[in-house]
Structures are given as structure tokens and as C-alpha cells.
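Participant: starting from these lines, generate the structure:
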Amino acid sequence: IGSHSLVMQAMASFIYFIYVMRNFSILVFLLFPIIACQSNRNESSKISEKKIYEFEVKDSFIHPIKSEIVLNADTNYVILFQNIKTKELVTCYLSRDKGVTHNYQKTETYYFNLFFHSMDSIFSFTNKTNQIILKNFSGEIFHVYHIPEKYTPLTSPVTKLTGSNHRILLGNSNKNTYFSKQDERIIYYKDVKPLLVIDIGDSTYICNAFGNFPKEYTTSGDNYNDPSPSVCFGYDDIICVSFGADDYLYLYRDSTLVLTKKVKSKFIDKFNPYPDSKTFDMLYFKNYSLEEPKYTDIIFDPWNTMYYRVVKHRIKNKNSFLENTWSVIALDTNLNILYEKIFDYKYNPKVFVPTPFGIVMQNISRSTNNNSFFELFKFKRHE
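Facilitator: Below is the predicted model of the structure:
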């Protein structure tokens, strides 16, 4: 009887141990996201920020336009914006003595179809056309570059028209390949080269489609709302390519892939594909676009020789939008992660503009319906 009692006590102790460990595991499981989130915030807090100065533009709903305009690196730098409602251009001249002046001019072309090499060398493109127009600030046309009909060039807020030296870069599609069904998308991802580069010579120019969609896209055929990549010219004129639902970055020299590297945000857990059954459900589309995480842009900073990958986090509380966060991954020229800096939505994630003096960001909380408020920062990592 005594032996039986000992066995029963041992079994009871074992059951109690299992019960305690089970509850402990549940507690750890519940606390892990909180601990991980706090860890990420602590990592972000290692990045100090110094506000250099701030300025105000008497306009609202504005978006930066890709530009290479530097009047004088020591005194003046030009940032170009466009009013999304009126298409009016806003030219801001920044200087080290904190002076900011503005100039306004009408245009009929949206910001993602414009690239300013200089005030007298402005490239523009209109979707559903196969030509790029070179003109000056007054609208006088200098040259028209005709793109062969075998290509289907495109631009969008994701794949913006951009350039560097003698090359112009834009997106590429295929008007003969469908995209609405999974099997059609697999064919599209495998057959279409998503980027188009135009090499402009003294008397001629060459067009070349290049690049590949991520392996996850081509094997699954999933739809992530917009398959087009964001792209920039980076260090030594190399091309850096980033897809919205792909953790990897790709470096191309001309049209040859030279480096593929995983650059994953700490704040993205997974990407949910867009269901084909919800293609015409506008409310679902609105919520999906708002809530789903995404890599939204890749930016090169020539003054600090760094890349910035802009990260939209999963939005869990859309009713309190400003409480949600986004971040920027800073990278060296070999795509090694230097840090990931977190921001909340009092700053506009669509406005992250490197200048010789620092990064220009738009403070939404200080902006109004009549003006836009900007702040210039320098960021530094502390080990």
C-alpha cells in the first residue's frame, strides 16, 4: 500500500509539473511578441537623431520628385515636390544657413513620371506610350526617345521613373500576358522582365529589359497587389531592386545580377497574398492595402554612401493610425544591415529624402490642409 501511495504521489507530482510547464509555455508564448517588440524598439533606440532644422512649405498633399539637382553641395540643394491634387510643382532651395525659398510651376505630369537630371534636363513619361520626352523647365522639348513596341514600359508610385548619368530606368510589363489567375501569374512572373533601362548615347540609344521576379512569386503564382519593384541607382551606378513582398534585395551592374542578399525587417512576420476571390471587393482591397506589411521603397544616399529600405509594418489598429509604426533599414553598399530605425506615423513614410545636409522628413502631425511641415535629421548608430 505504501509503495502504491508513493507511485500515486509521483504521478500527481508529474501531472502538476506538466500543468505548470504548460501554463508557463502559454505565458511565454503570449509574452514573446511583447518581448520581441520591446527588443526591436530598444534596438531602434540605439539610433540617435539630431534635428538640424525645420521648414514649412505653403502647400499640402505634396510628394517628392526624383532629382539629381545640386546647385552647390556646400550651399544649395534643390528638393522638388508636387501637389498631388493640382499637379503643381514646388521647388525648395535648401542651404546650410537654414534658408529655404520656394518656387511654383504648373505641370500636367505626375511625380512618378518625372525625373529631373537638371532644371534644363527633365525626363517625362506617360503610361500607355512608348516614348520618353526630354525638355527644360519651361516645357521646351529637346528630344523624344522612342521605345520599341516589343516593350511595354510603365511607371507607378512604386516603380518611379529615375535616372543616372546616361541611363534612364522605368518598369516593364507585357500586354500579351494575363495576370488575373494563379496559373497566368506564374507564366507572367517567369516570362516578363520587370525593368527597362534606356542607355542614352551621343547619337543613339539602346533599350534593354532585365531582372527577374522573386522565386516565391514564380513558384506560388500569388498576387501581392502590386508586383512591380521599387528601384534606384546606387553606389558606382549599380542598380538596386526591391520587391514589396520579398525579403531579398538585388544588385545589377547594367543588366547583370551581381548580388542577391536577404535584408529582412524585424517588423515583418509574413506576407499574405491577395485572394483571387476578392478581386472586385473594394472594401477588402482597401483594408488589405492598409493593413498588410510591405517593403515600399529603396533609396540611395550618395552623400553617406548608404541605401535605405523603407518598411511598412503590419497595421493592427487602423482606427488609431498614428499609433502604428514603420521603419527604415540602413545598409552599406554590400547590403549589410547597419541598423533599422523605427518611426510612428506622425512622419510620412513616403517622404524620406537624402540631402547633403541630412534626411528630410515630413511631420504630418505639424502639417495642415494649407501647409506641409518638414524637418531635417541626421541619424547615428551607437553600439
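Participant: now do the same contact list for residue 381.
Facilitator: By C-beta atoms under 8 Å, 6 or more residues apart in numbering, the contact list for residue 381 reads 46, 47, 48, 330, 338, 339. For the C-beta atoms, the positions are set from N, CA and C on the backbone; glycine is no exception.
Participant: among those, name the ones in strands.
Facilitator: In strands, defined here by DSSP state E, the members of these are 47, 48, 330, 338, 339.
Participant: tell me who's in contact with the closest residue to the third one other than its chain neighbours.
Facilitator: Closest residue to residue 330 in three dimensions, ignoring its sequence neighbours and counting by C-beta to C-beta, 6 or more residues apart in numbering: residue 338, at 4.4 Å. By C-beta under 8 Å, 6+ apart, residue 338 lies in contact with 306, 330, 331, 332, 381.
Participant: any idea what the last one is bridged to?
Facilitator: For residue 381, the beta-bridge assignment (DSSP bridges) gives partners residue 47.
Participant: what's the closest of the contacts of residue 338 to residue 186?
Facilitator: Nearest to residue 186, judged by C-beta to C-beta, of the contacts of residue 338 is residue 331 at 30.7 Å.
Participant: which residue sits closest to that closest one, ignoring its sequence neighbours?
Facilitator: Using C-beta to C-beta, 6+ apart and skipping the chain neighbours, the partner closest in space to residue 331 is residue 307 (4.2 Å).
Participant: just the element for the one you found, please.
Facilitator: Here residue 307 sits within strand 306-312, counting by DSSP states H and E.
Participant: give me the residue at the spatial middle of the chain.
Facilitator: residue 297 (1.2 Å; C-alpha atoms, centre = their mean).
Participant: partner strands of the one helix or strand that residue maps to, with direction?
Facilitator: Element membership of residue 297 [criterion: DSSP H and E] is strand 294-301. Strand 294-301 has the following strand partners under DSSP bridges: strand 306-312 (antiparallel).
Participant: picking that back up, where does the residue nearest to the centre of the chain land on pLDDT?
Facilitator: Per-residue pLDDT puts residue 297 at 97.
Participant: outside of stretch 362-377, which residues touch it?
Facilitator: So stretch 362-377 is contacted by 49-60, 62, 81, 94, 322, 345-348, 351, 355, 357-361 (C-beta under 8 Å, 6+ apart).
Participant: extract the C-alpha set from stretch 296-308 and format it as CSV.
Facilitator: Only the C-alpha atoms of stretch 296-308 are listed here, as CSV (Å, rounded to 0.1, in the frame of the first residue of the first chain):
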residue,chain,number,x,y,z
THR,A,296,7.7,50.3,-50.1
ASP,A,297,10.9,51.9,-51.4
ILE,A,298,14.6,51.6,-51.8
ILE,A,299,16.6,54.8,-51.7
PHE,A,300,20.3,55.6,-52.2
ASP,A,301,22.0,58.3,-50.2
PRO,A,302,25.1,59.4,-52.3
TRP,A,303,26.4,61.7,-49.5
ASN,A,304,26.7,59.0,-46.9
THR,A,305,27.1,56.1,-49.5
MET,A,306,24.2,54.2,-48.0
TYR,A,307,20.9,52.5,-49.0
TYR,A,308,17.6,52.9,-47.1
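Participant: how many other residues sit next to the residue nearest to residue 182 when sequence neighbours are not counted?
Facilitator: The shortest distance from residue 182 to any non-neighbouring residue, by C-beta to C-beta, 6+ apart, is to residue 221 (4.0 Å). Using other C-beta atoms under 10 Å, residue 221 is surrounded by 18 other residues.
Participant: drop anything exposed from the ones in strands among the contacts of residue 381.
Facilitator: 47, 330, 339 (16 or more other C-beta atoms under 10 Å).
Participant: and of those, the nearest to residue 127?
Facilitator: Distances from residue 127 to those, taken by C-beta to C-beta, are shortest for residue 330, at 32.4 Å.
Participant: pretty sure the closest one contacts residue 354?
Facilitator: No - using C-beta atoms under 8 Å, residue 330 is not in contact with residue 354, being 11.0 Å away.
Participant: now the helices for the chain?
Facilitator: 2-45, 182-191, 215-220, 282-291 (DSSP state H).
Participant: coming back round to it: what is the residue nearest to the centre of the chain paired to in the beta sheet?
Facilitator: Beta bridges link residue 297 to residue 310, judged by DSSP bridges.
Participant: contact partners for it?
Facilitator: 230, 242, 308, 309, 310, 350, 352.
Participant: just checking, the third one touches residue 296?
Facilitator: No - contact criterion C-beta under 8 Å: residue 308 and residue 296 do not qualify, at 11.1 Å.
Participant: so which of the two has more stuff around it?
Facilitator: It is residue 308, of residue 308 and residue 296, that has more neighbours when counted by other C-beta under 10 Å, with 22 against 18.
Participant: now the more buried one: how far from residue 144?
Facilitator: The gap separating residue 308 from residue 144 is 34 Å, by C-beta to C-beta, to the nearest Å.
Participant: cool, residue 296 as well?
Facilitator: To residue 144, residue 296 is 32 Å away according to C-beta to C-beta.
Participant: could you do residue 65 as well?
Facilitator: Taking C-beta to C-beta, one finds residue 65 at 21 Å from residue 144.
Participant: look at these two and report which has more neighbours.
Facilitator: Using other C-beta under 10 Å as the criterion, residue 65 and residue 144 rank with residue 65 on top: 26 against 10.
Participant: bridged to the closest residue to the more buried one other than its chain neighbours, which residues?
Facilitator: Nearest non-adjacent residue to residue 65, counting by C-beta to C-beta, 6+ apart: residue 80, 4.2 Å away. For residue 80, the beta-bridge partners are residue 65, residue 91 (DSSP bridges).
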